[in-house]
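Colleague: When you get a sec, could you give me coordinates for this:
(chains A and B)
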Amino acid sequence: MEQQYDIKGMAAKIEALKKAAVELKAMSQGIPAVDCNVDRILTNIRILEISFTEVADILRE
Amino acid sequence: MIGKEIYWNPLLETLPPEKLQKLQLVKFKEIFQWAYDHSKFYRKLYSAAGIEPGDIKTFEDIRKVPKLEKSMFREAQGKDPYPYGDMLCVPLENVAVYRQTSGTTGQPVYQADTWLDWESGVEAYCYALYAQGYRNTDRLFLPFGYNVFIAFWTYHYAGEKLGCEVIPGGVLNTEARILKMQELRATAIGATPTYALALADTARRKLNIDPARDLCVRKMTVAGEPGGSIPATRRRLEEAWGARVYDQVGSTEAGHWGWECTNQSGIHVNEAFFLLEIEDLETGEPINKPGKKGKMVVTNLHRMAQPCIRFDSKDVIQWSSHRCECGRTFRLLEGGVIGRTDDITKVKGVLFAPTACEEIIRSFPELGSEYQIIVTRPGNEDEITLKLEINPGCESKVESIKDKLLTQLRLKTNISYNLELHDFGSLPRAEGKAKRFKDLRQH
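Modeller: Predicted coordinates:
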């Protein structure tokens, strides 16, 4: 099943999303509307990591 | 060929078993390290057993980690950081969600979750609902109290995540819930088997509504107690509602670890999110082959606030020898949660599981769905009494079915019963899970 998907590419995109979210939070200088929403985004990014990035690591082995 | 459209996550759900096990080992090591580093309770537990994170190298090493018992939660909790005590692995301000157990086996256990823990639980539930055919065209109705118990909260949020329309039926009473389901043409519901039967019964008797004919519910997910995987109970539900009935299993402490797919060949264990072990009921030795019942030990591989690592759930399960035709590599359990070790007890010298009676009782259409099993010892010998209800209009048939009922029960459980037959509606009803087994012997 994994042959159908660009798992490496997806993992890279997930990493990029995370980086962008972390940078956004750093830029906000503590605006709650940014920080709290970014925290939610980072949670969902973590779910993507659990769902795909970590599997990519196992499949690469 | 089975298309990817039946899977919430085709990668994880069809991962080859050896890679799935590798993933589980990696994740177990991580959560074990996390708990060891972040909680005095877990460090003390593991140090007393002489085990450290570096000791877990292989899958077999996992068994060296001491099990968590519900009593340990109870002892640790009620203290600072309040109310979770030193089981908590995160600062109190990171706890975003509180739930507690229902307390059917004693003092309730408090369950702390970070927002990530909660979302991880919702994600796990999405696997179940997607596998059961829920899609964004469904309109879900939730007939439960939305209170401190986990109940169907995760079903609600997973339904939203899937894009379903979710109707909270919290404050409404049973009749109002039925009317609202009808009014809004709900296509799916989540309920305990007990309450789903009660809803159907109330609809027919008090509202003159036949759920199978007059409501649009075509699938339901049942959880919270055995029933969904007991064929006679499932049949009653399906006939009453004209709907597919899917079993889903989990606990407050562990999370939602198992579910049926549309093939209904057993309970799929979500092995990407949970590690399930089965231990022999008497010896405690691991059971890795199908066909033998054992006690479930479960690890939630992602729960950070209050980790659930090798939790002795007291649930009785067994591996299935089959692979599901859905193509998922998640292993199957035969018959769902068959019972609980704290309900399994010796009666008249024989090991007895109360759920063994349900299949037989509910296969008799003359009998109502409610029942009670009461064990006493009035003298020197055990007595077991089955309290049953007679369905209205079936009073004249009861004498003719008594012998057949007692024979079937004896063949299934090796026990002879006293029978008490009651009018329909006399036995207690539960809105959530029912406690039908009472052991009144002095132990």
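Colleague: hey, let's count contacts and neighbours off CA atoms from now on
Modeller: Fine.
Colleague: so which residue of the stretch 301-443 of chain B comes closest to chain A?
Modeller: residue B:302 (8.8 Å; Cα to the nearest Cα).
Colleague: List the contacts of that residue.
Modeller: B:27, B:31, B:117, B:120, B:273 (Cα atoms under 8 Å, 6 or more residues apart in numbering or on different chains).
Colleague: and of those, the nearest to chain A?
Modeller: Using Cα to the nearest Cα, these come closest to chain A at residue B:120, 6.6 Å.
Colleague: Can you name the residues of chain A sitting close to chain B?
Modeller: Counting by Cα under 8 Å from any Cα of the partner chain, the positions of chain A adjacent to chain B are A:1-2, A:43-44, A:46-47, A:51-52, A:55, A:58-59.
Colleague: Would you mind listing which of those residues are buried?
Modeller: Using 16 or more other Cα atoms under 10 Å in any protein chain shown as the burial test, the residues of chain A next to chain B include A:43-44, A:46-47, A:51-52, A:55, A:59 as buried.
Colleague: Among these, which ones are in strands?
Modeller: Among those, DSSP state E puts none in strands.
Colleague: By residue count, tell me the biggest strand in chain B.
Modeller: strand B:367-376.
Colleague: partners of the helix or strand following that one, with directions?
Modeller: On the C-terminal side of strand B:367-376, the nearest following helix or strand under DSSP states H and E is strand B:383-390. Strand pairing for strand B:383-390, using DSSP bridges, gives strand B:367-376 (antiparallel), strand B:418-423 (parallel).
Colleague: about what we covered before: the residues of chain A next to chain B in helices, which ones?
Modeller: A:43-44, A:46-47, A:55, A:58-59 (DSSP state H).
Colleague: Could you find the lowest-pLDDT member of these?
Modeller: Least confident of those in the model: residue A:59, at 84.
Colleague: Next one: the nearest residue to that one once chain neighbours are set aside from residue B:329, what distance?
Modeller: Leaving out its chain neighbours, the residue that sits closest to residue A:59 by Cα to Cα, 6 or more residues apart in numbering or on different chains is residue B:19, at 7.4 Å. Distance of residue B:19 to residue B:329, computed by Cα to Cα, to the nearest Å: 10 Å.
Colleague: The two: which has the busier surroundings?
Modeller: residue B:329 (20 against 15; other Cα atoms under 10 Å in any protein chain shown).
Colleague: would that one count as being in a helix?
Modeller: No. Counting by DSSP: H, G, I helix; E, B strand; the rest coil, residue B:329 is not found in a helix; it is coil.
Colleague: Please report the distance of it from residue A:60.
Modeller: 19 Å.
Colleague: Remind me what the helix or strand of chain A with the lowest mean pLDDT packs against, helices and strands.
Modeller: When each helix and strand of chain A is scored by mean pLDDT, DSSP states H and E, helix A:54-60 comes last, with a mean of 87. Using 3 or more Cα pairs under 8 Å, 6 or more residues apart in numbering or on different chains; DSSP states H and E, the elements in contact with helix A:54-60 are helix A:7-28, helix B:17-38.
Colleague: So what touches it?
Modeller: Contacts of helix A:54-60 (Cα under 8 Å, 6+ apart): A:7-8, A:11, B:11-12, B:19, B:22-23.
Colleague: closest point of chain A to chain B, which residue?
Modeller: Closest residue of chain A to chain B, Cα to the nearest Cα: residue A:43 (5.5 Å).
Colleague: Which residue is the nearest non-sequential neighbour of that residue?
Modeller: Nearest one to residue A:43, counting by Cα to Cα, 6+ apart, is residue B:116 at 5.5 Å.
Colleague: Kindly report the residues of chain B close to chain A.
Modeller: B:9-12, B:14-15, B:19, B:22-23, B:115-116, B:119-120, B:123.
Colleague: All the strands of the stretch 101-250 of chain B, residue numbers only.
Modeller: Along the stretch 101-250 of chain B, counting by DSSP state E, counting those that start in this stretch, strands occupy B:110-113, B:139-142, B:165-168, B:188-191, B:219-222, B:244-251.
Colleague: Export the ones you listed as CSV, with columns for mean pLDDT and mean neighbour count.
Modeller: Formatted as CSV, the strands of the stretch 101-250 of chain B follow (pLDDT from 0 to 100; neighbours: other Cα atoms under 10 Å in any protein chain shown):
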stretch, mean pLDDT, mean neighbour count
strand B:110-113, 97, 25
strand B:139-142, 98, 25
strand B:165-168, 98, 18
strand B:188-191, 97, 24
strand B:219-222, 98, 26
strand B:244-251, 96, 24
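Colleague: how about TSV for those, with distance to residue B:373 added?
Modeller: Listed next are the strands of the stretch 101-250 of chain B as TSV, based on distance: least, Cα to Cα, whole Å:
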stretch	distance to residue B:373
strand B:110-113	30
strand B:139-142	30
strand B:165-168	34
strand B:188-191	23
strand B:219-222	22
strand B:244-251	23
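Colleague: any idea how far the closest residue to residue B:115 other than its chain neighbours lies from chain A?
Modeller: Distance criterion Cα to Cα, 6+ apart; nearest residue to residue B:115, sequence neighbours excluded, is residue B:96 at 5.4 Å. Remark: distance between residue B:96 and chain A (Cα to the nearest Cα, to the nearest Å) = 12 Å.
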